[in-house]
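Asker: return atomic coordinates for the entry below.
(4 chains)
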2 protein chains.
Amino acid sequence: MNHEDHQEETLHVGSGEFRMTKQRRVVYDVLLDQRDHPTAQEVYSRAKRRMPGISLATVYNCLDTMAQAGVVKQVNVARDATRFCPNLRPHAHFLCARCGEVLDVDLKPAADATLAWAMPDGASVEHLEVAMRGLCPTCASQPAQLV
Amino acid sequence: MNHEDHQEETLHVGSGEFRMTKQRRVVYDVLLDQRDHPTAQEVYSRAKRRMPGISLATVYNCLDTMAQAGVVKQVNVARDATRFCPNLRPHAHFLCARCGEVLDVDLKPAADATLAWAMPDGASVEHLEVAMRGLCPTCASQPAQLV
DNA sequence: ATGAGATCAAGAATTATTCTAAATAAGGAA
DNA sequence: TTCCTTATTTAGAATAATTCTTGATCTCAT
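Answerer: Got it, this is the predicted structure:
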C-alpha cells in the first residue's frame, strides 16, 4: 500500500509543535520558493496555483500556526499587511522606499542588537523586530526619479 | 483687538512645516501630557475632553500631519493600532507582554543602531523602527502569574 | 471685505484580519 | 478495517483600524 499521499509528519521546531498538513506544506513551500516576503493575500494567490481549493482563512491559519511554532516569522515593515518569511536566522528587514522590495539584513556574527539601546534595568527582551526604510543598493545607485 | 483666541503659529520642525491649529494643538498637548503611547482612538477620547466637538477623522489628520512634519512619531510594537509619541530623541519601543505598557528605550549616547546589522553595501537607511517585547522591570520582578 | 486654499467634520468605504459554524480529514483504539 | 475523538479546513460574516469623500468652515493675504 502506498502511504505517500496521506502521510503527515509532525514537526518540532522552535517553541511549538504542529502537524505538517497538505495545506501547511503548500503554504510553507510558497514561502520557501520565493523569498520576497509576501503578504497573506499574496501567499494565498500563490498557494492556489498549487492547491486550487485552498481558502484564504486556511492560509491565515497556516501562517499563524507556523508563526506560533516558530517556523516562519511575521514581518512588519510598513503599516500595511503583515508579511511572512521563512528565514529563521536573527535578522532585520529593510524596505526600499523606491522599489518596495523587502530585504533581509542579517545580524552580524556575535553582535547583540540590543547593545546600542539603554535598556531599563531588569527588563528581559524576548522578541526584537527591526524595520528599516531607505533606498536599496540598486535604487540608491540609480539617478533620482523624475515624476 | 485681541488676537489670542485665533492666532496661529507656524512650526518648522524636522522635515515639514505645518500650521498649529486649535485641533492640532489639542492633539499635540494630549500626547505631551500623558506619554503612554496612546492609539488614535485613545488620543481622540482624551482630546474630546478638551475640545468636545473634535472628530476622529480630524485626530487622524492631525496625527498624520504632525507625523509627516516630524513632530510626533508613529509607533508600531504590535500588530494592533498604531500608537503615537512626541519623543523626538532616537529611541526604540518596548512592549511589556504582561502589563501592556509601552516604554521608550533611548539610543545610547554616540551609539549607532545599525552597527549590529550587516547592511547591504550601498543601502541608505532613512528610517529605523525598533520594537521589543518582553517583561518590563516591574513585571519581571513580580512572581509568575497564576492563570 | 473677499477669494483661494487649507482644515475640519461626519459618515461611508476600504482592507486586513479574526471569528463562527459546519463539513471534512486524520489518528488511535477496538 | 470501523468507529470515535479531535484537529483542520472552508466559506462567509463580523470586526476594527484607517482612509476617503464631500461639503462646511476657517485662515491668511490681498
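Asker: which strand residues bridge the residue minimising distance to the centre of chain A?
Answerer: Centroid check for chain A by Cα atoms, centre = their mean gives A:Cys85 as the closest residue, at 1.7 Å. Beta-bridge partners recorded for A:Cys85 (DSSP bridges): A:Lys73.
Asker: roughly how far does it sit from B:Ala97?
Answerer: 22 Å (Cβ to Cβ, to the nearest Å). All C-beta spots, glycine's among them, are computed from the backbone N, C-alpha and C.
Asker: what do you get for A:Val75?
Answerer: Distance from A:Val75 to B:Ala97, by Cβ to Cβ: 19 Å.
Asker: count of residues packed around A:Met119?
Answerer: Burial of A:Met119 is recorded as 19 neighbouring residues (other Cβ atoms under 10 Å in any protein chain shown).
Asker: what residues are up against it?
Answerer: Counting by Cβ atoms under 8 Å, 6 or more residues apart in numbering or on different chains, A:Met119 makes contact with A:125, B:94, B:105.
Asker: let me have the residues you listed in CSV, extended by secondary structure, neighbour count and pLDDT.
Answerer: Converted to CSV, these look like this (DSSP: H, G, I helix; E, B strand; the rest coil; neighbours: other Cβ atoms under 10 Å in any protein chain shown; pLDDT from 0 to 100):
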residue, secondary structure, neighbour count, pLDDT
A:Val125, strand, 15, 95
B:Phe94, strand, 25, 97
B:Val105, strand, 19, 97
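Asker: does chain B sit close to the host helix or strand of A:Leu95?
Answerer: Using DSSP states H and E, the element containing A:Leu95 is strand A:91-96. Yes. Strand A:91-96 lies within reach of chain B by Cβ under 8 Å from any Cβ of the partner chain, at A:92, A:94.
Asker: how about that strand and DNA strand C, touching?
Answerer: No. Strand A:91-96 lies out of reach of DNA strand C by Cβ under 7 Å from any atom of the strand, never closer than 14.5 Å.
Asker: pull up the pairing partners for that strand, direction included.
Answerer: In the sheet, strand A:91-96 lines up with strand A:102-106 (antiparallel), strand A:124-135 (parallel) (DSSP bridges).
Asker: give the buried residues for the shortest one.
Answerer: In terms of neighbour count (16 or more other Cβ atoms under 10 Å in any protein chain shown), strand A:102-106 has its buried residues at A:102-106.
Asker: can I get those residues in JSON lines with distance to B:Thr114?
Answerer: JSON lines is the format used below for the buried residues of strand A:102-106 (distance: Cβ to Cβ, whole Å):
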{"residue": "A:Val102", "distance to B:Thr114": "17"}
{"residue": "A:Leu103", "distance to B:Thr114": "13"}
{"residue": "A:Asp104", "distance to B:Thr114": "14"}
{"residue": "A:Val105", "distance to B:Thr114": "9"}
{"residue": "A:Asp106", "distance to B:Thr114": "12"}
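Asker: alright, that wraps it up for me.
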